[in-house]
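A.B. asks: Here is the input, now give the coordinates:
(2 chains)
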There are 2 protein chains.
Amino acid sequence: MLSEFDLIKHYFVQNYAEDPRFALGIGDDCALVNPAPDMQLAISSDMLVSGRHFFPDADPYQLGHKCLAVNLSDLAAMGAKPLAFTLSLSLPEANPAWLAPFSQGLFNLAQQHHCRLIGGDTTKGPLNICITIFGEVLPNSALRRDAAQVGDDIWVSGNIGDARLALAAYWKELTLSTEDHRIAATRMHTPTPRIALGIALRGIANAALDISDGLIGDLGHILERSQVGARLYVDDLPAGPILQQQAQDKRREFCLAGGDDYELCFTAPVHQRDAVIQAGLTSQTNVTRIGSIEASKGLRLIDKNHQEIQLVLRSFDHFTTE
Amino acid sequence: MLSEFDLIKHYFVQNYAEDPRFALGIGDDCALVNPAPDMQLAISSDMLVSGRHFFPDADPYQLGHKCLAVNLSDLAAMGAKPLAFTLSLSLPEANPAWLAPFSQGLFNLAQQHHCRLIGGDTTKGPLNICITIFGEVLPNSALRRDAAQVGDDIWVSGNIGDARLALAAYWKELTLSTEDHRIAATRMHTPTPRIALGIALRGIANAALDISDGLIGDLGHILERSQVGARLYVDDLPAGPILQQQAQDKRREFCLAGGDDYELCFTAPVHQRDAVIQAGLTSQTNVTRIGSIEASKGLRLIDKNHQEIQLVLRSFDHFTTE
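C.D. replies: Here you go, the predicted model:
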């Protein structure tokens, strides 16, 4: 069997062209990073656990993609430009049939975003993947959660709910055709971090975050931290292509409370509507206006007849869902 | 039961005085860090797994100390000044009887080093603790592994081998008195990161690392990366106070190959001997000269009679020891 150090070297030490942002990469006690002059470093960490965030038999290529994608998505939600990441892996065994596709899924996405692996750790234990990611933001230009203003439009990128729909089919809550399930599952297994949109929204959006636990729960963080309320146009939510074919109650539920979409939810002043649409065009990402920020606390759900509706929904929470 | 977010807030969100190094801490998608002008950021990540790096019933206060200590030790080994860390926790349950002392052990050590928790993740799963730490170093002043020079003295801080001795007693390889086992176990459970020494050695030492897997294996990384060899004076190694009372073969074995000490091993030019001793005094850390770097590759073990000896020893490796 490969030793720990051979294992790291073989699958995870990559040769990069000389890059002045990095003084030292993998192989020492620490990596050394030189952020660009007048840049802040945005730092985020996510841990993915087998059986909790992914199925124990998850496709390793998709898993490599996803565990980096969810971290990149946090950078996108700040308007940060990806710089580097560390990877800590706990593995039951050093199995090349798993490590090869896992590292490939990881690095294919990393290279798309010029994001470099600079260190980490490997150990034996239950499968657990912990990534800490670093991105660059201009000082005072990050898209924060606490910056929503009364009167802002609320927007969401791409479409939402298909990841939850795929999970419903896995859980046999409903039945999908094989092809529909495959399309929906692609959203769940290989989410697209909205890096280009996040950067394009600098100076345009006020507040932003990425939707990991579900729109309502995540938007709730913006409302709480910005000390505002909101109304949401439930029937304007951009359901994913397969979810659009489902009944209204499922469409609403999965769009509002389904997690794992990794789309951006953001607020922007009304006078920035054209600029938001232009940011969507330049980043080749659909954007949909779904509500507005109000002074009155709480979240009001409005249907297509302009009536407020009551829905019992709960956002995903690792410790309370079982 | 507490929800995920309540859990984080209660045990891990601390109020710090305003600190210009941090633009934004816990609660957004990313933390925002402003490194000091003309500083590099040193970044390291370590993952600790239950049953692998600590006993499943490990004292949570000591565990909180240790998981941060091993990361601080990586900063010490670069001569970096601690700045901040992220914590990702996978837990079987949200148990306050574990979380309260764990967070206390963690923060007591963090505060000693003015090192701030700026983000992370919590999730349900097998107990797994992943910390990524950030420290500041002056550009071109970090103590790297690849910088040992032929003729350098080799030094080690503090004393070594007691952590391995404690493990031997747990494993019933040998018998210790209750009091001796307690003293040795303290070294294993609450290692002291040598931050002050690391900083004091800037500009004096050439190469450095911390001893986590055992002196021979870790020194081997310096030799390999610096493309040099070394001789080590086996009977000059500073055995810990309890290990000193053991037979010569155990003393040698545990000093040379025992892990979990988190002392610094470093090399420095002969003309810096007084400066190294002064660095030890100012940082209140014992330092012992234990060998020298040679051009001839490989590691030669020399006994007190100046004879080269052969010992069969193996360094700790997570994937090959079982």
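A.B. asks: Which residue ranges of the stretch 151-300 of chain A form helices?
C.D. replies: A:162-170, A:178-189, A:195-200, A:215-226, A:248-257, A:273-282 (DSSP state H, counting those that start in this stretch).
A.B. asks: Ok, which of these comes nearest chain B?
C.D. replies: Of all those, it is helix A:215-226 that lies closest to chain B, at 6.7 Å by C-beta to the nearest C-beta. Every residue, glycine included, has its C-beta placed from N, CA and C.
A.B. asks: Quick one: work out the angle between the closest one and helix A:248-257.
C.D. replies: Helix A:215-226 and helix A:248-257 are oriented at 40 degrees to each other (axes from the mean of the first three to the mean of the last three C-alpha atoms, to 10 degrees).
A.B. asks: one step back: rebuild the helices of the stretch 151-300 of chain A as TSV, extending it with distance to B:Thr178, mean neighbour count and mean pLDDT.
C.D. replies: Listed next are the helices of the stretch 151-300 of chain A as TSV, based on distance: least, C-beta to C-beta, whole Å; neighbours: other C-beta atoms under 10 Å in any protein chain shown; pLDDT from 0 to 100:
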stretch	distance to B:Thr178	mean neighbour count	mean pLDDT
helix A:162-170	53	23	92
helix A:178-189	53	18	92
helix A:195-200	57	24	97
helix A:215-226	51	21	94
helix A:248-257	56	20	93
helix A:273-282	67	16	98
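A.B. asks: can the ones you listed go into JSON lines with extra columns for distance to chain B?
C.D. replies: JSON lines is the format used below for the helices of the stretch 151-300 of chain A (distance: least, C-beta to the nearest C-beta, whole Å):
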{"stretch": "helix A:162-170", "distance to chain B": "17"}
{"stretch": "helix A:178-189", "distance to chain B": "17"}
{"stretch": "helix A:195-200", "distance to chain B": "10"}
{"stretch": "helix A:215-226", "distance to chain B": "7"}
{"stretch": "helix A:248-257", "distance to chain B": "15"}
{"stretch": "helix A:273-282", "distance to chain B": "18"}
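A.B. asks: got those as a markdown table, with distance to B:Gln278 columns?
C.D. replies: Listed next are the helices of the stretch 151-300 of chain A as a markdown table, based on distance: least, C-beta to C-beta, whole Å:
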| stretch | distance to B:Gln278 |
| --- | --- |
| helix A:162-170 | 60 |
| helix A:178-189 | 58 |
| helix A:195-200 | 49 |
| helix A:215-226 | 50 |
| helix A:248-257 | 63 |
| helix A:273-282 | 58 |
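A.B. asks: Just tell me which of these ends up closest to A:Leu75.
C.D. replies: helix A:195-200 (6.6 Å; C-beta to C-beta).
A.B. asks: In the stretch 51-200 of chain A, where is pLDDT below threshold?
C.D. replies: By pLDDT under 70, the stretch 51-200 of chain A contains no weakly predicted segment.
A.B. asks: In it, mark out all the strands, start to finish.
C.D. replies: In the stretch 51-200 of chain A, the segments counted as strands under DSSP state E, counting those that start in this stretch are A:81-91, A:116-124, A:128-137, A:153-157.
A.B. asks: Name the stretch among these that sits most buried.
C.D. replies: A comparison of the strands of the stretch 51-200 of chain A by mean neighbour count, using mean count of other C-beta atoms under 10 Å in any protein chain shown, puts strand A:128-137 on top with a mean of 28.
A.B. asks: is it anywhere near chain B?
C.D. replies: Yes: Strand A:128-137 lies within reach of chain B by C-beta under 8 Å from any C-beta of the partner chain, at A:Asn128, A:Cys130, A:Thr132, A:Phe134, A:Gly135, A:Val137.
A.B. asks: C-alpha coordinates for that strand, CSV please?
C.D. replies: Output of strand A:128-137 as CSV, limited to C-alpha atoms (Å, rounded to 0.1, in the frame of the first residue of the first chain):
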residue,chain,number,x,y,z
ASN,A,128,-14.5,13.1,5.6
ILE,A,129,-13.4,15.9,3.3
CYS,A,130,-12.6,19.4,4.6
ILE,A,131,-11.6,22.2,2.3
THR,A,132,-10.6,25.7,3.3
ILE,A,133,-10.6,28.2,0.5
PHE,A,134,-9.0,31.6,0.0
GLY,A,135,-10.2,34.3,-2.4
GLU,A,136,-9.2,37.9,-3.1
VAL,A,137,-11.6,40.8,-2.7
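A.B. asks: quick one: strands adjacent to it?
C.D. replies: Paired strands of strand A:128-137, with direction, are strand A:40-49 (antiparallel), strand A:81-91 (antiparallel) (DSSP bridges).
A.B. asks: Got the domain ranges for chain A?
C.D. replies: Domains of chain A are assigned by automatic domain parsing as A:4-137, A:153-305.
A.B. asks: need the strands of the stretch 51-200 of chain A in TSV with distance to A:Arg194, can you?
C.D. replies: Shown next, in TSV, are those (distance: least, C-beta to C-beta, whole Å):
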stretch	distance to A:Arg194
strand A:81-91	12
strand A:116-124	20
strand A:128-137	13
strand A:153-157	5
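A.B. asks: out of those, nearest to B:Arg164?
C.D. replies: strand A:116-124 (18.4 Å).
A.B. asks: Say whether chain B is contacted by the closest one.
C.D. replies: Yes: judged by C-beta under 8 Å from any C-beta, strand A:116-124 comes into contact with chain B at A:Ile118, A:Gly119, A:Gly120, A:Asp121, A:Thr122, A:Thr123, A:Lys124.
A.B. asks: And the contacts of that strand?
C.D. replies: Under the criterion C-beta atoms under 8 Å, 6 or more residues apart in numbering or on different chains, residues A:4, A:7-8, A:12, A:14, A:16, A:19, A:22, A:25-26, A:30-31, A:33, A:83-93, A:106-107, A:110, B:43-49, B:52-53, B:130, B:318-319, B:322 lie in contact with strand A:116-124.
A.B. asks: what about the stretch 201-322 of chain A, any weak spots by pLDDT?
C.D. replies: Applying pLDDT under 70 to the stretch 201-322 of chain A flags residues A:313-322.
A.B. asks: For it, just list every one of the strands.
C.D. replies: A:207-210, A:229-233, A:264-268, A:287-294, A:298-302, A:308-309.
A.B. asks: for those strands, which one sits closest to chain B?
C.D. replies: Among the strands of the stretch 201-322 of chain A, if distance is taken as C-beta to the nearest C-beta, the winner is strand A:207-210, at 5.6 Å.
A.B. asks: any bit of that closest one sitting next to chain B?
C.D. replies: Yes: for strand A:207-210 and chain B, the contact criterion (C-beta under 8 Å from any C-beta) is met by A:Ala208, A:Leu209, A:Asp210.
A.B. asks: just to revisit the earlier point, go through the helices of the stretch 151-300 of chain A and name the closest to B:Leu165.
C.D. replies: Of all the helices of the stretch 151-300 of chain A, helix A:178-189 comes closest under C-beta to C-beta, at 47.9 Å.
A.B. asks: can you give me the offset of the closest one from its chain's centre?
C.D. replies: A distance of 17 Å separates the centroid of the chain from that of helix A:178-189, by C-alpha atoms, centre = their mean, to the nearest Å.
A.B. asks: If you count contacts, what does it end up packed against?
C.D. replies: helix A:60-76, helix A:162-170 (3 or more C-beta pairs under 8 Å, 6 or more residues apart in numbering or on different chains; DSSP states H and E).
A.B. asks: what's the longest one packed up against?
C.D. replies: Translated: helix A:60-76. Looks like helix A:60-76 contacts strand A:40-49, strand A:81-91, helix A:96-112, strand A:128-137, helix A:178-189, helix A:195-200, strand A:207-210 (3+ C-beta pairs under 8 Å, 6+ apart).
A.B. asks: Now do the same for A:Leu32: its pLDDT.
C.D. replies: pLDDT, A:Leu32: 82.
A.B. asks: now it, what's its secondary structure?
C.D. replies: Three-state assignment for A:Leu32 (DSSP: H, G, I helix; E, B strand; the rest coil): strand.
A.B. asks: just checking, it touches A:Phe22?
C.D. replies: Yes: if you go by C-beta atoms under 8 Å, A:Leu32 and A:Phe22 touch, sitting 7.1 Å apart.
A.B. asks: Comparing these two, which shows the higher neighbour count?
C.D. replies: A:Leu32 (23 against 17; other C-beta atoms under 10 Å in any protein chain shown).
A.B. asks: Good, we can wrap up now.
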